[in-house]
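Engineer: here are the coordinates; sequence isn't available:
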């Protein structure tokens, strides 16, 4: 039987989702003209990556207005506990990255608990493959391609990177592995990467006392939104918890993983998953650049006026510059026009 808190949470999340999407419609009508560097970004809205007629299967393309030629490209997967938010609520991420000279495909995907695993992951894979097939028409350099996502989107980002480099028995993973796409780098930011055992976050009595009840509810709700009533049988769905797959030895026939970048705050309940990911990749010999920010909360990098957020973005820009086109002296003519952090966030 559902506890009162658990029965109320879906209603709360639905309300938050509607409010966030409405506010984004108002705010993003103004912000691109207020933030100096965003004025140079043009956006193509609501392009279908699957012909279903669903809003869940649309993406937006962000690109500098004066960009010439093919640009290094980012597929961005938004967060929202697998049950909320959209490409529209996360425009801030796309604008910040596009202002640095990247072409950004900001995608929607189906949300739970109506659409549970594997539907969100299937959509992320479909959007990624659409970019491989159609991106060149929009100015994508598919040889310089990154995947970035935060929170729930970090889970999908990590799982997509795994599917692209490791053979899997799930039929929906076959095509993306067989493509042998060249993923330059991956950035799953402050993600819930293991939904198999969410009680680990508060199993320690000391942790349980320090963790607020609503945070526990949010973590449980996120796992439920992704797996539905199958949450107690999570071990049957390995790709729902990509962290556990990274913690295993590489399987026969797999290809090397691309470099990873990840970040998290020490006040984020999901800190442990980020640390485990870093450790797992180090054990595999895969580069992982991890940035931990003391005292910062979940999704702190959205708070662009804060020093920690700017530092995080600066570190990510440096990482992308290194892996998307190498040192500036060796960059091709179509490399991004990099702007300073002051210019990026100037009002």
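Structural biologist: Sure, I can see it. Everything numeric in this text was worked out from a predicted model, so none of it was measured.
Engineer: in the stretch 101-250 of the chain, which spans are strands?
Structural biologist: Here the stretch 101-250 of the chain has its strands, by DSSP state E, counting those that start in this stretch, at 103-107, 140-150, 183-189.
Engineer: Make CSV from these and add mean pLDDT, mean neighbour count and distance to residue 119 to it.
Structural biologist: Where C-beta positions appear, they are placed from N, C-alpha and C, glycine not excepted. Below are the strands of the stretch 101-250 of the chain laid out as CSV (pLDDT from 0 to 100; neighbours: other C-beta atoms under 10 Å; distance: least, C-beta to C-beta, whole Å):
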stretch, mean pLDDT, mean neighbour count, distance to residue 119
strand 103-107, 98, 28, 14
strand 140-150, 96, 23, 16
strand 183-189, 98, 24, 19
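Engineer: can I get those in TSV with distance to residue 121?
Structural biologist: Output for those, formatted as TSV (distance: least, C-beta to C-beta, whole Å):
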stretch	distance to residue 121
strand 103-107	12
strand 140-150	11
strand 183-189	13
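Engineer: Mind checking the ones you listed for the one nearest to residue 122?
Structural biologist: Residue 122 sits nearest to strand 103-107 of all the strands of the stretch 101-250 of the chain, at 12.3 Å, using C-beta to C-beta.
Engineer: partners of the closest one in the sheet?
Structural biologist: According to DSSP bridges, strand 103-107 forms sheet pairs with strand 58-64 (antiparallel), strand 71-77 (parallel).
Engineer: winner for burial among these?
Structural biologist: strand 71-77 (a mean of 27; mean count of other C-beta atoms under 10 Å).
Engineer: Next one, pLDDT for the nearest residue in space to residue 195 that is not next to it in sequence please.
Structural biologist: Nearest residue to residue 195, sequence neighbours excluded (C-beta to C-beta, 6 or more residues apart in numbering): residue 223, at 4.2 Å. Listed pLDDT for residue 223 reads 93.
Engineer: How about residue 215?
Structural biologist: For residue 215, pLDDT reads 87.
Engineer: give the contact list for it.
Structural biologist: residue 269 (C-beta atoms under 8 Å, 6 or more residues apart in numbering).
Engineer: can you check the one 10 residues further on too?
Structural biologist: The neighbourhood of residue 225, defined by C-beta under 8 Å, 6+ apart, consists of 13, 81-83, 111-113, 116.
Engineer: And stretch 290-303, what's buried?
Structural biologist: With burial defined by 16 or more other C-beta atoms under 10 Å, the residues of stretch 290-303 counted as buried are 290-291, 293, 296, 298, 300-301.
Engineer: Give me the distance between the two termini of stretch 58-74.
Structural biologist: Length of stretch 58-74, first residue to last, C-alpha to C-alpha, to the nearest Å: 16 Å.
Engineer: Could you find the closest non-adjacent residue to residue 324?
Structural biologist: Counting by C-beta to C-beta, 6+ apart, the residue nearest residue 324 is residue 72, at 4.1 Å.
Engineer: need the contact list for that neighbour.
Structural biologist: 101-103, 141, 144-146, 184, 320, 324-325, 335-336.
Engineer: Quickly list what it is bridged to.
Structural biologist: Going by DSSP bridges, residue 72 is paired in beta bridges with residue 141.
Engineer: how close does it sit to residue 87?
Structural biologist: Taking C-beta to C-beta, to the nearest Å as the measure, residue 72 falls 20 Å from residue 87.
Engineer: One more: residue 292?
Structural biologist: For residue 292 relative to residue 87 (C-beta to C-beta), the value is 28 Å.
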